[in-house]
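K.L.:
Pasting a predicted model and its sequence here:
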Amino acid sequence: MPLRPPHPILSPARLPEPLLALRLTPLFVLSLVLLSLSLAGCAGQAPRKDQPVLSGGSGTLGRADPGFLQWLERQSLLGAAPEAAVVVSGSEIGWRAPGSPPVPSLLLTEADMWLSVEPRLLLTGGKRSALEELAQPPVFEALRACGIRGVYLRAAAEAGAVWGYDRAATTTGNDITGHGFAEDVGTEEDFSRLAHTASKSRTLLASDLVPAATGLGPDFFLAARGVRDYPGLYCAIEIPRDLWGLLPPPEGEWRGVALDASQTSALVERGILPARLARDALVWAATGGWASTGEVRGADGTLRRWVYRFHQKPGRPVLNWNDPSATARRTLSASAIRQVGLRRLPLVGLEIAPLAGQEAGGATVSTAPLPEAARSLGREVRRYGGWTWMRDVLPFADLQDIMPDGPDFATSPVTTTTVEHALLTEDASALRDCIDSALESGLEFRRFVNTLPSADGIDYSLPQMMAAGHRPLSPGGLPGAVLQAHMVAGAHRRIGAWGEQAPFIGDVLYVNATTLSAIAAGFTPAQAAADENVVAIVRNHLFLAAFKAAQPGLFMLPADNLAGTLPLTWEHVALRPESWRKEQAARGAWSPMPPISGLASTRGGVPRAPAAYPPVVVQKGIEGSFVSGMARLASLRTATGVAQGIVVARPATRGEGSVALLTRLPGDRGHILTIANFAATPTTEHIRLERTWNLDAGTRGKDMLDETFTSMGTDMQIPMAARQCRVILLR
């Protein structure tokens, strides 16, 4: 694979020499050495979808076929670790950049607005892969026009469904099983072409590391067959044969079956499973438990059954960070070397919340080994010249512990779900409480990543609130758990006529930002698809984006927002209404280019979603379009430097749907007062600016989004239209 040239944004002409030496040299050396080892080619090819992939049984050998096991190792995540480690071990690469402390400022300067793309949801023309479709120059021209400076590829790697254990179980691609790209996403050569196009348009690329909960793929198959140190990769326990009767009846070798409470208790009584894990006391932790495999023929011919920890569903086994084999650490380290070194990605995402509480339960509440893993991966990636984004939403206290020496960025616990809930219900109390909690915790807002809702929906599990339990989230506020329950009930009431097109499953409301904007406007699904209502949807959509874009830190826009995708119905996906998975409603496909006649689905079979907006490459020339609105927000961020600002206070507001933040801008640019009215009715807010914020009677204010508003002094009467965000520059 040809080595792509240094990115023009991060070129010697643009960077101060010390920063260049600290951040880019290790990354460049890594890419050269990894390229020489041809790691991309060593991984082998994923099995075709029409191929049986779990063969390799005993045959006449009475044991697993050794040739098949060797082939699995070539596909595995752990199998790539030795070749990746040899690049760094014993070399100067790991010593050229400091692992601590986090230094987010350079990335914030060069690329503070990003587009998050799920390649599996891209419609492609002809025989083009998703990466090739994205690599077309007109796409990047449109992205640059609306202020995007980085493209984050989400869930692009090979996932569990390709291995055939349960293809219906994988709809998101988060259950990663390989380092290579998924078949319907593209190849390394396709990625190289994408990187070349991105480089020419001065745009950065980023993607995920292997998550702490993988899919059922080669590594799990090798672990269950007892191959060398693979069993140490997962939180798995071999069950003695005389206790198999306590396990659920097997449903084949590889289809994991969750243990019920009585089965778990029976294994606890016999000393096989711990009575409890520290995770059990973490009220904010995602659902999970113990699951069992079927009868698996090992490399030595022995039949085994295993019980293993899973995250959310049995198809996502959890890595064991604490195992003495260090296989989980080696696997994640290999992922970091490949992504930052071989692919030269400056930003990588971490999903490590499944590691929380991975200890036998004791008297104290513990999130170990999550903090250790977060710090270790953050330091390692920095030594290679990159930055990390912890995509999990964690409680404020845990972020306060992890962030000083951990990942460079974290998904904002302040704006995630709370802003969307304020738009949906006209109640911003949860948002105000989260702002206060973050300020009280001393967290840096510029190290937060602010995102809009995507196909993954809006997560109302709200770990940042649930961790507070029966304590108020902030002084004078509701107890955390009470506030979370109140929010869930309020969201249910507002869904109304949308029904299965806005399904609430568990704690997740499966809508994206466009659908949320339509619901908030009071439209039914039929009305949302009508051309005459697009202006109202765009207005709400840009209001949502404006508030988050006015925050310090990175701004991450899910790609389906650009197309304005609306929900799928069962007719798009299934033959009968009872056979479709309702969470697929928000997962429709889209294209940045004008639609190809007759193209109804992606290469992977994802149906085209109805779209409220024209294609991205068309929108850039339309005044009042979502893309033109995003361009204006990008200009605001550039002009103010708010990405590196410091939130100093939350001035008091009167309206239930109102919230205000005061942010000190870098250098001598002054402050901005961001004030939003989430209510569907106008209001007037009386804001008093305190002298302790270095503002006085001579302070002049000007709204950068509505230049007709100006002010003088520290006592401000601010008229607010329904669903309006003002960004007032104060000097």
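P.N.:
Here it is on my side, so go on.
K.L.:
Return the distance of stretch 71-80 from the chain's centre.
P.N.:
Centre-to-centre, stretch 71-80 and its host chain are 25 Å apart (Cα atoms, centre = their mean, to the nearest Å).
K.L.:
Report the buried residues of that stretch.
P.N.:
72-73, 75-80 (16 or more other Cβ atoms under 10 Å). Every C-beta, even on glycine, is put in place using the N, C-alpha and C of the backbone.
K.L.:
Please flag which of the residues you listed sit within strands.
P.N.:
Members of those lying in strands (criterion: DSSP state E): none.
K.L.:
can you tell me the average pLDDT over the helix or strand hosting residue 629?
P.N.:
In the assignment (DSSP states H and E), residue 629 maps to helix 626-640. Mean per-residue pLDDT for helix 626-640: 96.
K.L.:
tell me what the helix or strand following it is packed against?
P.N.:
Using DSSP H and E, the helix or strand that follows helix 626-640 in sequence is strand 646-649. If you count contacts as 3 or more Cβ pairs under 8 Å, 6 or more residues apart in numbering; DSSP states H and E, strand 646-649 packs onto helix 429-441, strand 658-664.
K.L.:
Make TSV from those and add mean pLDDT to it.
P.N.:
As requested, these are exported to TSV (pLDDT from 0 to 100):
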stretch	mean pLDDT
helix 429-441	94
strand 658-664	97
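K.L.:
which stretch among these comes nearest residue 100?
P.N.:
The minimum distance between residue 100 and those falls on helix 429-441, with 20.1 Å, by Cβ to Cβ.
K.L.:
got the end-to-end distance for stretch 702-719?
P.N.:
13 Å (Cα to Cα, to the nearest Å).
K.L.:
That stretch: which residues count as buried?
P.N.:
703-705, 711, 714, 716, 718.
K.L.:
May I ask which two of these are separated the most?
P.N.:
Across these, no pair lies farther apart than 705 and 714, at 21.3 Å, counting by Cβ to Cβ.
K.L.:
Show me the shaky parts of this protein.
P.N.:
1-63, 162, 164-171, 362-363, 468-470, 474-475, 575, 579, 597 (pLDDT under 70).
K.L.:
and it, what are its domains?
P.N.:
112-202+412-636, 645-730 (automatic domain parsing).
K.L.:
I'd guessed residue 445 sits against residue 553; true?
P.N.:
Yes: using Cβ atoms under 8 Å, residue 445 is in contact with residue 553, at 6.0 Å.
K.L.:
Can you check which residues contact both of the two?
P.N.:
Shared contacts of residue 445 and residue 553, defined by Cβ atoms under 8 Å, 6 or more residues apart in numbering, are found at residue 412.
K.L.:
Please list all residues in contact with residue 705.
P.N.:
By Cβ under 8 Å, 6+ apart, residue 705 lies in contact with 546, 632, 636, 725-727.
K.L.:
tell me which of these is nearest to residue 105?
P.N.:
Checking these against residue 105 by Cβ to Cβ gives residue 636 as the nearest, at 19.4 Å.
K.L.:
Residue 547 is in contact with that closest one, correct?
P.N.:
No: using Cβ under 8 Å, residue 636 makes no contact with residue 547, being 11.9 Å away.
K.L.:
In terms of packing, which of the two has more residues around it?
P.N.:
residue 547 (24 against 19; other Cβ atoms under 10 Å).
K.L.:
Stretch 360-370 spans what distance, first to last residue?
P.N.:
Length of stretch 360-370, first residue to last, Cα to Cα: 14 Å.
K.L.:
chain center to that stretch, what's the gap?
P.N.:
Centre-to-centre, stretch 360-370 and its host chain are 25 Å apart (Cα atoms, centre = their mean).
K.L.:
What lies in contact with it?
P.N.:
Residues from elsewhere that reach stretch 360-370 (Cβ under 8 Å, 6+ apart): 274-278, 280-282, 321-322, 352-353, 355-359, 398, 402.
K.L.:
just to revisit the earlier point, nearest to residue 264, out of the helices and strands packed on strand 646-649?
P.N.:
Checking those against residue 264 by Cβ to Cβ gives helix 429-441 as the closest, at 34.6 Å.
K.L.:
How about residues contacting the closest one?
P.N.:
Counting by Cβ under 8 Å, 6+ apart, 396-397, 399-400, 413-415, 418-419, 421-422, 445, 464-465, 473-475, 477-478, 483, 487, 647, 649-650, 653, 656, 659, 661 sit against helix 429-441.
K.L.:
try stretch 100-108
P.N.:
Contacts made with stretch 100-108 from outside it, assessed by Cβ under 8 Å, 6+ apart, are listed as 15, 19, 23, 346-347, 378-379, 382, 387, 403-409, 446-447, 553-554, 643-644.
K.L.:
Can you get me the start-to-end distance on it?
P.N.:
End-to-end distance of stretch 100-108 (Cα to Cα): 17 Å.
K.L.:
in it, what counts as buried?
P.N.:
Quick answer for stretch 100-108 (16+ other Cβ under 10 Å): 102-104, 106-108.
K.L.:
What is the distance between that stretch and the centre of its chain?
P.N.:
With Cα atoms, centre = their mean as the basis, stretch 100-108 stands 20 Å off its chain's centre.
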